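Colleague: What would the 3D arrangement of this be:
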Amino acid sequence: MAKIIVTLGPSTNTESDLRKIQSKGVSFVRVNMSHSTTLDLERFIQMSKKVGIPFIVDTEGSQVRTGDLKDPEVSYDENDEIKIYNRPIIGDREMICLKPYHVVEQLEPGDIIHVDFNNLILRITDIYTLSKGYSMARVISSGVLGRNKAVVIDFGAKRELNLSPLSEKDHESIAIGLREGVGHIAASFMRSKAFVEEVRRATKGSMKIISKIECLDALENLDEIIEASDYLLIDRGDLSKEVPIEKIPFLQKIILKKAKDQGKGVFVATNLLETMVRERKPTRAEVNDVANTILDGAYGLALAAETAIGKYPMESIAMLNKLISETEVFLNTKKKTTGESKEMEYLEYLSSAAISSALIPPHGGVLVDRVLKEIPPKSYLDSLRKITIDENQQMDVEQIGIGTFSPIEGFMDKDNFRSVLDRMRLSSGVIWTIPILLDISLPEAGAISIGDTVILVNEKGETLSLLHVSDKYTFDKEEMAQKLYGTRSPEHPGVQMISKMKPILLGGKIDLVKRRGSDHKEYELTPRQVRKLFDERGWRKVVGFHTRNVIHRSHEFIQLKAMEGEYADGLFIHPIIGKKKKGDFKALYILKAYEMMMKDYYPKNSVVLSAFSTYSRYAGPREAIFTALCRKNFGCSHFIVGRDHTGVGDFYHPNASHDIFDQFPDLGIQPVKFDKVFYSNSHKKHLHERDVPSHPESDKFHISSTDARKMFEKGESPPEWSMRPEISKMIIDSLCAGHKVFVE
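Modeller: Numbering: from 1, shown residues only. As a prediction, the model looks like this:
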């Protein structure tokens, strides 16, 4: 018979209440220490002892929460800036704090902060202000902030948050429990075996440990946590803050099975009968969920809000009892007629936990993750040969590691290199149009053998990645230029790049040790982070936009037209910020311009902005496919392809980047093609040339980026039909202040 845990609170806070609970056969009671004091705990323990119901001490655990606020709730809009303090303050619209306070000092630009079931999402933008006691964040999804709300931090680079398994308040609670002879402890946010062992030490081995599984770390270390614990408790609410909600039912099944194999019981909590917080009856979906949870082998079930603050606490317990009894009858009377289906492999399933099934799958089916969880010892790294890589190669290493180039896991070997040049596919048959290569000198090559592991370092000698060498080969520069660019002309910038390459290529998988430094790291979200943002917004159709310029009105027209025409849920703006040519806008001003658009012009909560740390390959139509595949890995289902997309002078026909998509019906991401867009003086709006083929040329207004730059340098603003006045003013003000707006 499944056990029942009841959470006590304002709705169940008298001895009479506990006696009613005891009469219903409840196995344990507890209080939620995230919302209770140690005085509350002591009172409830003594009351439960008097009534005769076993008590479970509950811990706050290693969880980040919001601090105190001047008002009960504070609303924020997209692009609002917030100071996050590393000390206790009374928060408002401009400043807040997080608990434990030292967490703020562990944040880095680009980290994403999800507050209270993703009600509010922030991005860390600046940590240099820590000397003043705070970090800066920007709101990227509007919402409401409340006091003492749970926070999940999604790091831009993999690292562990330094949190103690037990808070000071938890140690006080344990001391009370030990004094009162409590036999069980529900330990929150158990992230590893070491966390469980710390709780075991703190309780002096006298309490049975119920380890709560409610974060991604716990899933990754599940086997060792099961081994170290007496029981588990799946907190589906907190777990769904870190794992897409649609995966929770299946993770629940897997956890129950794995715990059963080790002979450990599992409690299941959160949203069992949530409707009964306010209604007398549960929904059919809730009934089905509870019954199936028991059928899957749950040792027990935990009621939370239903009994702590709900209108019908006793009715909730009675309903749960009825469901348990009915399920037991079914199990005892109905014989199973089919064997168990093959269990899903746990680690494979977990590896896709950050990818929503509603989004387009990554290219090749799996989002590559070559980021090392643990940095190798310095002694090992010092023993390896080092290769210094340039800025472009550093960007490639990073994008391989975080999955932007999925399914590629490293620099290409000869078979993949030849296959990409000849067929625009990897040797496996997966579409890929651009070689990802590491070239080295002859002396360097002479010191490296196939099977070696070498270190890739930046110009400062800092370790960025390991390379496990699987191939070493030569190549023909003229052949590569002809096949990749369709020309050997020395005027082509891509041909010029090839001519400067070193003669030997290394192939092999990489392991990313460290992401490269950047002035814009706060914007450089990973594919995993972006997919999670899309999923949390409920997006399925997402239009991706590739750019290297400050937004003008034609781009704005294309973006909104694409969203409207494809019935898209959202728009992903993804400007590249790598090395640019003379006269290009610097990345800072591109990003600033798009933030202004998000604040004042785009439909609210319809745009995600991120920066793509890569560089131009000058490959025309091949590069158009490459830019689409990268956005597919970020979760985009559609991709805008403009006229002369990734064009290079007059080397490619303006429609070449449109036509190449017709060669790949199995691409998996849908191109949204646009021809020229112009401003019609008579209609006073932008029009797509394809939609009005007979429109008179005399009524078409165009302005080039070169013309706009010349106007800016004279202190003049382009016309309003060409660029939003606020953006023009921002650029002119920056130039007047002596800032370098353009690449020199």
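Colleague: Against which helices or strands is the helix or strand harbouring residue 439 packed?
Modeller: Per DSSP states H and E, residue 439 falls inside strand 438-440. In terms of contacts (3 or more Cβ pairs under 8 Å, 6 or more residues apart in numbering; DSSP states H and E), strand 438-440 is packed against strand 504-512. In this view, the C-beta of every residue, glycine as well, is placed from N, C-alpha and C.
Colleague: before we move on, back to that, show the average pLDDT along the helix or strand following the strand holding residue 439.
Modeller: Remark: after strand 438-440, the chain's next helix or strand is helix 442-446, criterion DSSP H and E. Helix 442-446 shows an average pLDDT of 96 in the prediction.
Colleague: So what touches helix 442-446?
Modeller: For helix 442-446, the external contacting residues (Cβ atoms under 8 Å, 6 or more residues apart in numbering) are 387, 472, 502, 503, 504, 506.
Colleague: wouldn't the fifth one be in contact with residue 474 here?
Modeller: So the one you mean is residue 504. Yes. Here residue 504 reaches residue 474: they are 6.2 Å apart, a contact under Cβ atoms under 8 Å.
Colleague: More neighbours: which of those two?
Modeller: Ranked by neighbour count (other Cβ atoms under 10 Å), residue 504 and residue 474 place residue 504 first, with 19 against 10.
Colleague: Relative to the whole chain's centre, how far out is stretch 74-84?
Modeller: Stretch 74-84 sits 20 Å away from the centroid of its parent chain (Cα atoms, centre = their mean, to the nearest Å).
Colleague: Flag every buried residue along that stretch.
Modeller: Residues of stretch 74-84 classed as buried: 74, 76, 78, 79, 80, 82, 83, 84 (neighbour count, 16 or more other Cβ atoms under 10 Å).
Colleague: Can you pull the domain assignment for the protein?
Modeller: The domain map for the chain lists 3-62+164-333, 64-154, 378-512, 521-736, with the assignment taken from automatic domain parsing.
Colleague: Quick check: end-to-end length of the last one?
Modeller: Looking at domain 521-736, the gap from its leading to its trailing residue is 27 Å under the measure Cα to Cα, to the nearest Å.
Colleague: Tell me if residue 65 really is in a strand.
Modeller: Yes. Counting by DSSP: H, G, I helix; E, B strand; the rest coil, residue 65 falls inside a strand.
Colleague: my guess is it meets residue 152, correct?
Modeller: No. Using Cβ under 8 Å, residue 65 makes no contact with residue 152, being 10.8 Å away.
Colleague: Surely residue 33 is in contact with residue 56?
Modeller: No. Using Cβ under 8 Å, residue 33 is not in contact with residue 56; the gap is 10.7 Å.
Colleague: Would you mind checking the average pLDDT for the helix or strand that contains residue 598?
Modeller: Using DSSP H and E, residue 598 sits within helix 587-600. Computed over helix 587-600, the mean pLDDT rounds to 95.
Colleague: before we move on, what about stretch 241-259?
Modeller: Mean predicted confidence for stretch 241-259 is 92.
Colleague: swap in stretch 208-217?
Modeller: Stretch 208-217 shows a mean pLDDT of 94.
Colleague: ok, and for it, which residues are buried?
Modeller: Buried-residue list, stretch 208-217, by 16+ other Cβ under 10 Å: 209, 210, 211, 212, 213, 214, 215, 216, 217.
Colleague: same deal with stretch 279-292?
Modeller: Within stretch 279-292, the residues scored as buried using 16+ other Cβ under 10 Å are 282, 286, 287, 289, 290.
Colleague: again with stretch 703-721
Modeller: Those would be 703, 708, 709, 711, 712, 717, 718, 721, for stretch 703-721 by 16+ other Cβ under 10 Å.
Colleague: Show me which of the residues you listed has the smallest pLDDT value.
Modeller: When these are compared, residue 703 shows the smallest pLDDT, 78.
Colleague: doesn't residue 722 make contact with that residue?
Modeller: Yes. Residue 703 lies in contact with residue 722 (Cβ under 8 Å); the separation is 4.5 Å.
Colleague: overlap in contacts of the two?
Modeller: Common contact partners of residue 703 and residue 722 (Cβ under 8 Å, 6+ apart): residue 552.
Colleague: thinking again about what came up before, compare the domains of the chain and give me the one nearest residue 361.
Modeller: Closest of the domains of the chain to residue 361 is domain 521-736, at 7.3 Å (criterion: Cβ to Cβ).
Colleague: From the chain's centroid, how far away is that closest one?
Modeller: Taking Cα atoms, centre = their mean, one finds the center of domain 521-736 at 23 Å from the center of the full chain.
Colleague: now do stretch 12-19
Modeller: Per Cα atoms, centre = their mean, the displacement of stretch 12-19 from the mean C-alpha position of its chain is 44 Å.
Colleague: what do you get for stretch 114-131?
Modeller: Computed by Cα atoms, centre = their mean, the chain-centroid distance of stretch 114-131 equals 14 Å.
Colleague: What of stretch 157-175?
Modeller: On the basis of Cα atoms, centre = their mean, stretch 157-175 is displaced by 24 Å from the centre of the chain it belongs to.
Colleague: what's next to that stretch, contact-wise?
Modeller: 33, 38, 41, 57-64, 100, 102-103, 106, 108, 110, 153, 155, 185, 187, 189-191, 194-195, 198-199, 202-203, 207, 217, 371-373, 514-515.
Colleague: State the mean pLDDT of that stretch.
Modeller: Mean predicted lDDT for stretch 157-175 stands at 89.
Colleague: now stretch 58-75
Modeller: pLDDT averaged over stretch 58-75 gives 91.
Colleague: That stretch: which residues count as buried?
Modeller: 58, 59, 60, 61, 62, 63, 64, 65, 66, 67, 69, 74.
Colleague: For residue 423, state which of these is nearest.
Modeller: Nearest to residue 423 among the buried residues of stretch 58-75, counting by Cβ to Cβ, is residue 64 at 49.0 Å.
Colleague: for that closest one, what are its contacts?
Modeller: Contacts of residue 64 by Cβ under 8 Å, 6+ apart are 98, 99, 100, 103, 150, 151, 152, 153, 161, 163.
Colleague: Select only the buried ones of those residues in ChimeraX?
Modeller: Here the buried members of those are turned into a ChimeraX selection, burial being counted by 16+ other Cβ under 10 Å:
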select :98,99,100,103,150,151,152,153,163
